[in-house]
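Visitor: sequence first, then the predicted structure:
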Amino acid sequence: MTMKQLSTAAEQVNSERLLDLFLELAKLNAPSTKEQPVAEYLKKALPELGFTIEFDQAHKHFNGEVGNLIAWHEGTDPSIPPLFFSTHMDTVLPTGDLKPVIKDGVIYSDGTTILGADDRAALAAYLEAIRALIESGVPHGPIEFILTVNEQPGLVGARYMDYSKAKSKIGYIFDSSGDVGQIILKGPYSSRIWMEVQGNAAHIALNAEEGNSAFLIAAKGLSNMKLGTIDEETLANIGTIKGGELTSIIPGNVTVAGEVRSFSKEKLDQQLKHMQEVMEQAAVESNGSVKVTVEKKYSGFDIPEDHVLTKTVQAAAENINVKPYLTETLGGADTNVLNENGLTCLTLGLGFQNIHSFRECISIENLVNTGRLTAALIEEWYEKHKK
């Protein structure tokens, strides 16, 4: 790859300042539905960077502390179409008493908490990119931050967002484990399925002849169910099995729950139908019954390779001497929900690893490159749209 001069804004990104900011944000203890500490920090920090801020009321749908935050910066040239950057304010587990450890250029926790790089690294990078942009003095269009709550349990905050508050229609979300340069153009459809299997409860010593084990009915259904990798586009999983009362009671009911993901809506529906029919057949053959409930989690997205979002991030990555590469994922992100609600976006890698565990980490290089790429994206977007 031919080395190029960093874009003016990207070269102003201060790696030490960004590292300090990330560690400060990571220590804010704000797991899902408890994001008030991050919101309070941003209520002060964003206006200092020239943003106006507004919160929606999404949290009232799930008893959270605070809603999604939408922040707007006018930029220097209002003729440029606005560009948004999104991430989430929550972490999957608490980060209270976080003790960061830096070893060989990689940031870890001390092993007693998660690190919170998912996705405080993106938030820190966005803030540093704006500071660098301001310090560089380069012209730029309007910028919007769409910062969600309660993302980790299943993109819940984005699902209940008041989309009328968003002024922009196109943007990026840094929220993937790939190194900076990863560009995810395609994400899956996903639905949950619950199968409530009904047999007949009875005591093993007093009236066992009246019993009909729901566990055995469910086991029969599961033994005939296609799970795991269905094909190159589709995954299916059974994640929870709940039921039973006492070891002396033949269980009368059990709930089996799972999830299906696929790049194809048709294949998603086919797999869900298969799971339902197999369990229903097992119930009929065993004189039981089953009630099936399907809940949509989110829709898929598919951004073309020649889309302006794709071309812009490819050029911006090259401008900071990072090699861009296109891919797809069966993982879910707010990207799925935002696209479904008319905000066209794709997911970008920022290099966090082992997320949702005490082994979570991120390299300083990826952290800094996230800040640089954010700044370069804003500058490249301006260059593509200036008159």
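Guide: On my side now, so go ahead. Numbers count the residues shown, from 1 in each chain.

Visitor: excluding covalently adjacent residues, which one is nearest to residue 32?
Guide: Of all residues not flanking residue 32 in the chain, residue 90 sits nearest, at 4.3 Å (CB to CB, 6 or more residues apart in numbering). Quick note: C-beta positions are derived from backbone N, CA and C, even for glycine.

Visitor: residues contacting that neighbour?
Guide: 30, 31, 32, 33, 34, 35, 38, 149, 150, 151, 152, 157 (CB atoms under 8 Å, 6 or more residues apart in numbering).

Visitor: which among these count as buried?
Guide: 30, 31, 32, 33, 34, 35, 38, 149, 150, 151, 152, 157 (16 or more other CB atoms under 10 Å).

Visitor: if you look at these, which of them are in helices?
Guide: Per DSSP state H, helices hold the following members of the buried ones among the contacts of residue 90: 38, 157.

Visitor: could you dump the buried ones among the contacts of residue 90 into CSV with distance to residue 237 and pLDDT added?
Guide: CSV is the format used below for those (distance: CB to CB, whole Å; pLDDT from 0 to 100):
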residue, distance to residue 237, pLDDT
30, 29, 98
31, 24, 97
32, 21, 98
33, 25, 98
34, 28, 98
35, 28, 98
38, 31, 98
149, 26, 98
150, 22, 98
151, 20, 97
152, 18, 95
157, 24, 97
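
Visitor: let's have the buried ones among the contacts of residue 90 in CSV, adding distance to residue 102.
Guide: Putting the buried ones among the contacts of residue 90 into CSV (distance: CB to CB, whole Å) gives the following:
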residue, distance to residue 102
30, 22
31, 24
32, 27
33, 30
34, 27
35, 26
38, 23
149, 29
150, 30
151, 26
152, 25
157, 31
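
Visitor: between the buried ones among the contacts of residue 90, which sits nearest residue 174?
Guide: Lowest distance from residue 174 to the buried ones among the contacts of residue 90 (CB to CB) belongs to residue 151, with 13.0 Å.

Visitor: distance of the closest residue to the closest one other than its chain neighbours relative to residue 140?
Guide: Closest residue to residue 151 apart from its sequence neighbours, by CB to CB, 6+ apart: residue 88 at 3.4 Å. According to CB to CB, to the nearest Å, residue 88 stands 24 Å off from residue 140.

Visitor: more neighbours, those two?
Guide: residue 88 (28 against 23; other CB atoms under 10 Å).

Visitor: surely that one meets residue 338?
Guide: No - if you go by CB atoms under 8 Å, residue 88 and residue 338 don't touch, sitting 11.4 Å apart.

Visitor: quick check: which ranges of the stretch 1-150 of the chain have low pLDDT?
Guide: 1-7 (pLDDT under 70).

Visitor: how about the helices in it?
Guide: 15-26, 36-48, 117-136 (DSSP state H, counting those that start in this stretch).

Visitor: TSV for these, including distance to residue 271?
Guide: As requested, the helices of the stretch 1-150 of the chain are exported to TSV (distance: least, CB to CB, whole Å):
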stretch	distance to residue 271
helix 15-26	38
helix 36-48	37
helix 117-136	28
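
Visitor: pick the most deeply packed of these.
Guide: Of all those, helix 117-136 has the most neighbours on average by mean count of other CB atoms under 10 Å, namely a mean of 25.
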